[in-house]
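A.B. asks: Predicted model follows, preceded by the sequence.
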Amino acid sequence: MKRSLRTRLIIIFSSMLIITIGTICLANVVLLPSFYQNTKVNQMQGVYSRTVKICENVDWENLNPTAQNKIYDKLDTLSINANVSIYVVQIKAYRGSGDITALQYVYPAGSDRLQQVSRSQLSKYVKEMYYNEPLGDNCQIINQTANYSMYKVYDDRVESNFIELTGRMPNDYWVYLRTNYQSIQESASVSNQFLLYLGIIVVIAGMFIMFLVTNQYTKPILQLAQHAKDMQRLDFSMRYQGERDDEIGMLGDSMNALSDKLEQTISELKTANNELQLDLQRRSEQEQMRQEFLANVSHELKTPIALIQGYAEGLQENISDDEESRDFYCEVIVDEADKMNKMVKKLLSLNQLEFGNGQVHLEHFDLSSVIKSVLNSTDILFKQADIKLSYHESPTPLMVWADEYMVEEVVMNYISNALNHAKYDKIIEIKTTQTDSHVRTSVFNTGDAIPEEDIKKIWNKFYKVDKARTREYGGNGIGLSIVKAVMVAHNQRYGVRNYENGVEFWFELDRKSVD
């Protein structure tokens, strides 16, 4: 079964309290009697020393009442404060008989019954000291020196234990001290019972306090554990918010730093992995494009080469003798060679743009003049195809930032494409619209719409929507690919849109310089 840190701490704390209380109870039973007896012995020794000092050099027989009262007051104070009965007596004993004669109480001036009790005890102690008579089963010597003897006594009369001290003073004066010594076992039992009740209260209160205290430590630890689980799920949004300056705070700060480092590392790994995948994808696409390019070039060159070869062989073999036929053969050869030359030039231009070899040289020029120049060069084509041109030249210059040569090629491709596909009303409309940051140029021609499934494909090299019509006007599907490459190199937008009566191609250029 899983135990929380809080439960473990409460169990440990409670166990320590129980062990401490149990140890105290055991010490009460085993060690307290000896300690209590030693304490009483030391107390009696101190009282004896102070009593001797008080009675030192006192002439009891010639003592006046005033001086006697002062000494009595001192002994009363010592007796009351120490809870010890003090007797000062004069004893004359004969070694021969062992009888005590002329026992005179100097202090206290107590009752005859107290004097009778002390006389009996003193007589027993004197006989033990002078004649080594046994004290009996109820009396046990605790300590004995040259000046005093201490005894542990059980008094049958009052059924109680006492510690008594008998000590000599000069001129046959003696000090007899007596203090109650109750059975410590009973006191220990009472103390243990009290400790048991108190211990139960302390343990319960301690468990409650430990519950509150450990909550201050386990709560941030649980937060850190949840933080670690979130990190395990690669969720680094959670942060340790505590402001502790102890080890838990240090751990929280370390986990926050670890989370940031892991997030950064994983982000870098994902970026590197994404770049690797894109690179692999680009390589795959490039390989596919290379294969398609070779196939398309081979296909596009196959027809003109075959025509050139066939007509050249006819000329060589003099198949036709008349001059008109020979001129026709030569015109076909020249025309096909011109188509091949144009296609190769376009492919070279497209290759430079796609692979970054065609560097873009940004210039600030008037787009209107470029459009007008292209229209002037294609004016004869409009007249030959009987196409109506609609172009409203801007009254003010359309200044843009771009590569003028590349933009001219884009405009030329759009207009050539419109010329080749214009049908029905045979209208080509060229418009320019301005915004704060861009100029949009659009070329519209009436004719058939581009199928939706082909709109994204028309920008690919050699792609032809209507292959028969493309062959008819000599197209090779490269023009729009050049438009795409130019606009990508400029990082500008371009596109196509179908209308009910035709198709519109458009592109945008910056009016402002690059920041």
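C.D. replies: Yes, it's here.
A.B. asks: Phi first, then psi, for residue 478.
C.D. replies: With angles defined as degrees, to the nearest 10, residue 478 sits at phi -110, psi -30.
A.B. asks: now do residue 509
C.D. replies: Here is the backbone geometry of residue 509 (degrees, to the nearest 10): phi -140, psi 150.
A.B. asks: Could you check what's spatially nearest to it, not counting adjacent residues?
C.D. replies: The shortest distance from residue 509 to any non-neighbouring residue, by CB to CB, 6 or more residues apart in numbering, is to residue 400 (4.1 Å). Backbone N, C-alpha and C define where each C-beta goes, glycine included.
A.B. asks: what pairs with the one you found across the strands?
C.D. replies: As for beta bridges, residue 400 partners with residue 365 under DSSP bridges.
A.B. asks: Output stretch 492-503 as PDB, nothing but the C-alphas.
C.D. replies: Extracted C-alpha coordinates of stretch 492-503, given in PDB (Å, rounded to 0.1, in the frame of the first residue of the first chain):
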ATOM      1  CA  GLN A 492       5.100  38.600 -53.400                       C
ATOM      2  CA  ARG A 493       1.600  37.200 -54.100                       C
ATOM      3  CA  TYR A 494       0.300  36.000 -57.400                       C
ATOM      4  CA  GLY A 495      -2.700  34.000 -58.600                       C
ATOM      5  CA  VAL A 496      -5.500  33.300 -61.000                       C
ATOM      6  CA  ARG A 497      -9.300  33.700 -60.900                       C
ATOM      7  CA  ASN A 498     -12.000  32.300 -63.100                       C
ATOM      8  CA  TYR A 499     -15.000  34.400 -64.200                       C
ATOM      9  CA  GLU A 500     -18.100  33.500 -66.200                       C
ATOM     10  CA  ASN A 501     -16.700  34.900 -69.400                       C
ATOM     11  CA  GLY A 502     -13.000  34.400 -68.900                       C
ATOM     12  CA  VAL A 503      -9.800  34.100 -66.700                       C
END
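A.B. asks: Pretty sure the residue nearest to residue 509 sits against residue 512.
C.D. replies: No. Applying CB atoms under 8 Å, one finds residue 400 not in contact with residue 512, separated by 9.3 Å.
A.B. asks: Give the residue from the two that has the larger number of neighbours.
C.D. replies: More crowded of residue 400 and residue 512, by other CB atoms under 10 Å: residue 400, with 26 against 11.
A.B. asks: Tell me the secondary structure at residue 318.
C.D. replies: Under the three-state scheme (DSSP: H, G, I helix; E, B strand; the rest coil), residue 318 adopts coil.
A.B. asks: How about the contacts made by residue 366?
C.D. replies: Residues near residue 366 by CB atoms under 8 Å, 6 or more residues apart in numbering: 397, 398, 399.
A.B. asks: Looking at these, which one is closest to residue 148?
C.D. replies: residue 399 (127.0 Å; CB to CB).
A.B. asks: Provide a complete list of residue ranges assigned to helices in the stretch 301-450 of the chain.
C.D. replies: In the stretch 301-450 of the chain, the segments counted as helices under DSSP state H, counting those that start in this stretch are 323-354, 367-377, 379-384, 404-421.
A.B. asks: Return the alpha-carbon coordinates of the second one using CSV.
C.D. replies: In CSV, the C-alpha atoms belonging to helix 367-377 read as follows (Å, rounded to 0.1, in the frame of the first residue of the first chain):
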residue,chain,number,x,y,z
LEU,A,367,5.4,49.9,-63.5
SER,A,368,3.2,51.7,-66.0
SER,A,369,6.2,52.2,-68.4
VAL,A,370,7.0,48.5,-68.2
ILE,A,371,3.4,47.5,-69.1
LYS,A,372,3.3,50.1,-71.9
SER,A,373,6.6,48.9,-73.3
VAL,A,374,5.4,45.3,-73.4
LEU,A,375,2.1,46.4,-75.1
ASN,A,376,4.0,48.3,-77.7
SER,A,377,6.2,45.3,-78.5
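A.B. asks: Name the residues that touch it?
C.D. replies: Where contact means CB under 8 Å, 6+ apart, the residues beyond helix 367-377 that reach it are 389, 391, 393-394, 397-400, 404, 407-408, 411-412, 415, 430, 432, 439, 441, 509.
A.B. asks: Name only those of those residues that count as buried.
C.D. replies: Neighbour-count burial (16 or more other CB atoms under 10 Å) is assigned, among these, to 398, 400, 404, 407-408, 411-412, 415, 430, 432, 439, 441, 509.
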